[in-house]
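In: sequence first, predicted coordinates after that:
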Amino acid sequence: MPKVVLLPKGQDPDDIARQGLELWLELLGRAESIWDLIFNESFSGRDPSKLEDQNAIIKELGPLVERVRDLKLRALLIERLAVPLMLAVETLERRISFVQKEDAAPAVEREAGGGYKDIEETLLRLMLFDADAVRAIRDLDLTDQYESPRLRPLFEYVLEQGPSGLNALGCPDEIRRLAAPLIAQGPVAGDGRKALSDTLTSIMDRSLEREIKRLQLELAAAQSRGQLQRAGELARLKQEKLLARRNIKQTVAEVL
């Protein structure tokens, strides 16, 4: 894999050559692979535990990884990217695929939500037509789990004001614009209570999966440093999250 030598700021290869072989060898020793450089630049200044930063990283790196023709190398890159993002490989692959489809779609279609009846749009439609959906999201502590940067302002507004807030005189035009295409679709077809249960279950599962991955990384780090007490605490927390994940449907049913 190609490596990149980073030169001191303001210097070119001729400047380094004039300073002697020792400096050049030192720089070569610190050379990093091109993918290390790309990954590090994308993660720089971002917190992958935050949904907004995680989305930005996937949007930047996903298309680059997908263009790698060597299937083995592509798989290795996805595995490597999944670790700091605290995602399962399969989940990351789906997220990258979604980004690819979204970028390939016409801008007008993306703005209207035309081809993307994903889980978060479904959740918003439920919130717009059912105040119980808003209450359930609060009760299940899922207020920070909405990932779409485009629809996040609408989610936060309805979460705070309720669906009736869209009729208030003080409702911002931008919020009304985001809500209009979803309202035009009408309520979710079929059994609305089942749709709400299924949607909340999926969002909780995604949240717990991310938390379990994070705890596993911290647990491995604590074990490698010989921090037995910390490792024991992390193992206990991980088991609690695993149990919570197994009982998601029951938890959602109790709230609804």
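Out: That came through, no problem.
In: how about the helix or strand encompassing Glu233 as PDB, C-alpha atoms only?
Out: Under the criterion of DSSP states H and E, Glu233 resides in helix 228-246. C-alpha atoms of helix 228-246 as PDB (Å, rounded to 0.1, in the frame of the first residue of the first chain):
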ATOM      1  CA  LEU A 228      -8.900  -5.300  36.000                       C
ATOM      2  CA  GLN A 229     -11.300  -3.300  38.100                       C
ATOM      3  CA  ARG A 230     -12.200  -1.000  35.100                       C
ATOM      4  CA  ALA A 231     -12.500  -4.100  32.900                       C
ATOM      5  CA  GLY A 232     -14.900  -5.700  35.300                       C
ATOM      6  CA  GLU A 233     -17.100  -2.600  35.400                       C
ATOM      7  CA  LEU A 234     -17.100  -2.400  31.600                       C
ATOM      8  CA  ALA A 235     -18.000  -6.100  31.300                       C
ATOM      9  CA  ARG A 236     -20.900  -5.600  33.700                       C
ATOM     10  CA  LEU A 237     -22.100  -2.600  31.700                       C
ATOM     11  CA  LYS A 238     -21.800  -4.500  28.500                       C
ATOM     12  CA  GLN A 239     -23.900  -7.300  29.800                       C
ATOM     13  CA  GLU A 240     -26.600  -4.900  30.900                       C
ATOM     14  CA  LYS A 241     -26.700  -3.400  27.400                       C
ATOM     15  CA  LEU A 242     -26.900  -6.900  25.900                       C
ATOM     16  CA  LEU A 243     -29.800  -7.800  28.200                       C
ATOM     17  CA  ALA A 244     -31.500  -4.500  27.300                       C
ATOM     18  CA  ARG A 245     -31.100  -5.300  23.600                       C
ATOM     19  CA  ARG A 246     -32.700  -8.700  24.100                       C
END
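In: what comes up buried for that helix?
Out: By neighbour count with 16 or more other C-beta atoms under 10 Å, helix 228-246 contains the buried residues 231, 234, 237-238, 241, 245. (Each C-beta comes from the backbone N, C-alpha and C, glycine too.)
In: so which helix or strand of this protein has the lowest pLDDT on average?
Out: helix 107-112 (a mean of 37; mean pLDDT, DSSP states H and E).
In: distance to Arg94 and pLDDT for the buried residues of helix 228-246 - can I get that in JSON lines?
Out: Below are these laid out as JSON lines (distance: C-beta to C-beta, whole Å; pLDDT from 0 to 100):
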{"residue": "Ala231", "distance to Arg94": "31", "pLDDT": "87"}
{"residue": "Leu234", "distance to Arg94": "27", "pLDDT": "89"}
{"residue": "Leu237", "distance to Arg94": "26", "pLDDT": "92"}
{"residue": "Lys238", "distance to Arg94": "23", "pLDDT": "90"}
{"residue": "Lys241", "distance to Arg94": "21", "pLDDT": "90"}
{"residue": "Arg245", "distance to Arg94": "18", "pLDDT": "89"}
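In: flag the shaky bits of this structure, pLDDT-wise.
Out: In the predicted model, the chain carries pLDDT under 70 at residues 1-7, 24, 99-117.
In: got the domain boundaries for it?
Out: Per automatic domain parsing, the structural domains of the chain span 45-104, 110-185, 192-255.
In: rebuild the ones you listed as JSON lines, extending it with distance to Gly20.
Out: Listed next are the domains of the chain as JSON lines, based on distance: least, C-beta to C-beta, whole Å:
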{"stretch": "domain 45-104", "distance to Gly20": "34"}
{"stretch": "domain 110-185", "distance to Gly20": "49"}
{"stretch": "domain 192-255", "distance to Gly20": "38"}
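In: looking at these, which is nearest to Leu25?
Out: Each of the domains of the chain has some distance to Leu25 by C-beta to C-beta; the shortest is domain 45-104, at 27.8 Å.
In: thanks a lot, see you next time.
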